[in-house]
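Participant: Kindly generate the corresponding structure for this input.
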Amino acid sequence: MKTLKFVLCALAISAGTLLHAAPEKSTETSVAFNKEIQQLLKNIDLEVSEDVEAYLIVRFNCKNEMEVLYVGSKNAEARKKIKKCLNNKEIKTVLDPSVENYKLPIRLKA
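Facilitator: Numbering: from 1, shown residues only. Have a look, this model is predicted:
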């Protein structure tokens, strides 16, 4: 029983250390990136009767163009329009090159 407590305590300490050492997201970058996505989606041609929530997974190529990998939404038309609107669009915000894929929540208001 003592060894079990010792192992659990060691795991808790190491997990806490790992979480504390994890790099924090830069709020300035995420805010600027979110503003660019909002501007790109501002003139989307989509009529919805209620708010649409979606999750977007993108990556960036060497030209800083978005490659839309996945759009998760219950609304099929919204998925198609979001992907068409954002795919291969160049962004000006400089993001962390070590991150391969970005996951973004999107809400389109009715």
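Participant: can you give me the helices in the chain?
Facilitator: With helices called from DSSP state H, the chain shows them at 2-21, 27-41, 76-86.
Participant: from the chain's centre, how far out does the shortest one sit?
Facilitator: If I follow you right, that is helix 76-86. 16 Å (Cα atoms, centre = their mean, to the nearest Å).
Participant: Now that helix: buried residues?
Facilitator: A78, R79, K81, I82, K83, C85, L86 (16 or more other Cβ atoms under 10 Å). Any C-beta I mention is one placed from the backbone N, CA and C, and that applies to glycine too.
Participant: what angle do that helix and helix 27-41 make?
Facilitator: Angle of helix 76-86 versus helix 27-41, following axes from the mean of the first three to the mean of the last three Cα atoms, to 10 degrees, is 110 degrees.
Participant: For helix 76-86, give the mean pLDDT please.
Facilitator: Averaging pLDDT along helix 76-86 yields 92.
Participant: what comes into contact with the lengthiest strand in the chain?
Facilitator: The residue-count maximum for a strand in the chain (DSSP state E) belongs to strand 52-60. Strand 52-60 is contacted by residues 46, 66-75, 78-79, 82, 86, 91, 95, 100-108, 110 when judged by Cβ atoms under 8 Å, 6 or more residues apart in numbering.
Participant: Tell me if I'm right that C85 and K42 touch.
Facilitator: No - under the criterion of Cβ atoms under 8 Å, C85 makes no contact with K42, lying 9.7 Å away.
Participant: related to what we said a few turns ago, pLDDT averaged over the longest strand of the chain - what is it?
Facilitator: In the prediction, strand 52-60 has an average pLDDT of 90.
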